[in-house]
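# below are the sequence and a predicted model; questions follow.
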Amino acid sequence: MYDFDQAVDRRGTTSIKWNFQNSFGQQDGLLPFWIADTDFPTVPEVIEALKKRCDHPVFGYSDPLPSTFQAIQGWWSRRYGWTPDTEWMFMTCGVVTGIYFALDALVAKGDKVLTFTPVYDPFFAAIKNSGHTLVDCPLEHKEDYFTIDFDRFENELKNGVKAVVFCNPHNPVGRVWTAEELERVADLCVKYDVWLLSDEIHADYGLTRKYIPMGIFEKVHDKLVIFTAISKSFNLAGMVSACIMIPNADVRAKVRYEFDSRWMFGPADLAFTAMEAAYTHGDAWMDAVCGYLRQSVELVNSFVSERMPKVKVTKHEGTFLMWLDMTCAGKTSGEMTSILAKEYGLALGDGSHYGKQAEGFMRLNIGCTHATLKEGLEGLERFYRNYVK
């Protein structure tokens, strides 16, 4: 029904991934495995809904209809067994923006905000640029996966952390947290009266373990803010939209005030159309794309094992972003990023951007056709043969 092997040519569009590769020293031309969108055509019913909406000639100021919130609620209810109240929800122009304003609303300037690293690098900017003190809590690196060092985590909470910016599933290390891990995080936040800001934008890409919403733990609802979006799930990042869910009414009012007081309205009308269509009609598409990505993970695992045996692939549970330990090359992540771009025409994510302990790692976006992924892996193999002794 869905052909994800059919390549879509994104060159010549407004695609940052394909056409604006300035950080690699050139405008375009690299085979891209970096910025986190995919090359998969979105849900066909979304396209049809957008076309139908465009038949109406007016695009004025807008708010989502009740049916949009109901579609979001229905998605989480039928796929994850959790039914968030539609009253908890409001829309904004992106998850990072939401995190920034939530911190502004809930945490005093200068107070400590913790995140588990390596982690999605805009977290660092959101924490620092909102006037807060970043607390880096490194994940514990086991054989081939990462986990939370709960002793260290609790010690940081004892030392005055006021909020945790959490990633579930975790970008870039590909962990899909277990119910036990999530509940332990929730329990500690309750115990130390700490805000829990949970970025769940990769929710729908639990590949080998099903994602569990932090919202199922009612004990933490008074301290909880959840961020979701259609951007990663349905490859609709260009809609610049997100849905924030806040169970506590007083907390919700505080966060909304931060947006309203700055006239931060949105997203645009077409984003509401896309949300409703995706969450209403996207089940079969999502199941299919996750199945395709499971094959992609196996392709990476087998290729690296057979042809780049000194590279260590982190055990992958979720997201379309894989985490490669390439310390065997004896290069910094920045050096590898530059060499891969200049000598092999590849754009990968510089691991050091995600935390200082991630030096020598690289992030690989597998959200592409298997043919493109194989071409990229073959380029990595050439690098490996020339630089790994």
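That came in fine, so what should we check first? For clarity, every value in this text was computed on a predicted model and none was experimentally measured.
# the nearest residue to residue 131 once chain neighbours are set aside in helix, strand or coil?
Leaving aside its chain neighbours, residue 131 sits nearest to residue 109 (4.1 Å; criterion: CB to CB, 6 or more residues apart in numbering). For every residue, glycine as well, the C-beta is placed using N, CA and C. Following DSSP: H, G, I helix; E, B strand; the rest coil, the label given to residue 109 is coil.
# correct me if wrong: residue 109 contacts residue 132.
Yes: counting by CB atoms under 8 Å, residue 132 is a contact partner of residue 109 at 6.9 Å.
# and those two? Which one has more around it.
residue 132 (21 against 10; other CB atoms under 10 Å).
# for that one, give me its contacts.
By CB atoms under 8 Å, 6 or more residues apart in numbering, the residues touching residue 132 are 103, 107, 109, 110, 111, 112, 113, 163.
# go again with 6 Å.
103, 107, 111, 113 (CB atoms under 6 Å, 6 or more residues apart in numbering).
# can I get those residues in a markdown table with neighbour count and pLDDT?
Below are the contacts of residue 132 laid out as a markdown table (neighbours: other CB atoms under 10 Å; pLDDT from 0 to 100):
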| residue | neighbour count | pLDDT |
| --- | --- | --- |
| 103 | 27 | 98 |
| 107 | 22 | 98 |
| 111 | 16 | 98 |
| 113 | 25 | 98 |
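# bridging residues for the residue nearest to residue 164 when sequence neighbours are not counted?
Once flanking residues are discounted, residue 164 sits nearest to residue 114: 5.0 Å by CB to CB, 6+ apart. With DSSP bridges as the criterion, residue 114 is bridged to residue 135, residue 164.
# ok, residue 114 touching residue 133?
No: with contacts defined as CB atoms under 6 Å, residue 114 does not count as touching residue 133, sitting 9.7 Å away.
# mind jotting down where the helices sit in the stretch 251-389 of the chain?
269-281, 283-307, 333-344, 370-387 (DSSP state H, counting those that start in this stretch).
# nearest to residue 46, out of the ones you listed?
Proximity to residue 46 (CB to CB) singles out helix 269-281 among those, at 4.5 Å.
# what residues sit buried inside the closest one?
269-281 (16 or more other CB atoms under 10 Å).
# picking that back up, who's more crowded, residue 114 and residue 133?
Shown here are residue 114 and residue 133; by other CB under 10 Å, residue 114 has more neighbours (22 against 16).
# contacting residues for the more buried one?
135, 137, 156, 161, 164.
# and it, how far from residue 170?
Residue 114 sits 14 Å away from residue 170, taking CB to CB, to the nearest Å as the criterion.
# again, but for residue 283
Using CB to CB, one gets 24 Å for the distance from residue 283 to residue 170.
# more neighbours: which of the two?
Using other CB under 10 Å, the more surrounded residue of residue 283 and residue 170 is residue 170, with 25 against 14.
# domain ranges for this protein, per the record?
As given by automatic domain parsing, the domain ranges for the chain are 16-42+283-387, 46-281.
# how about a markdown table for those domains, with distance to residue 9 added?
Formatted as a markdown table, the domains of the chain follow (distance: least, CB to CB, whole Å):
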| stretch | distance to residue 9 |
| --- | --- |
| domain 16-42+283-387 | 9 |
| domain 46-281 | 15 |
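# identify whichever of those lies nearest to residue 8.
domain 16-42+283-387 (5.7 Å).
# shaky segments in the stretch 1-150 of the chain?
For the stretch 1-150 of the chain, applying pLDDT under 70 flags the ranges 26-27.
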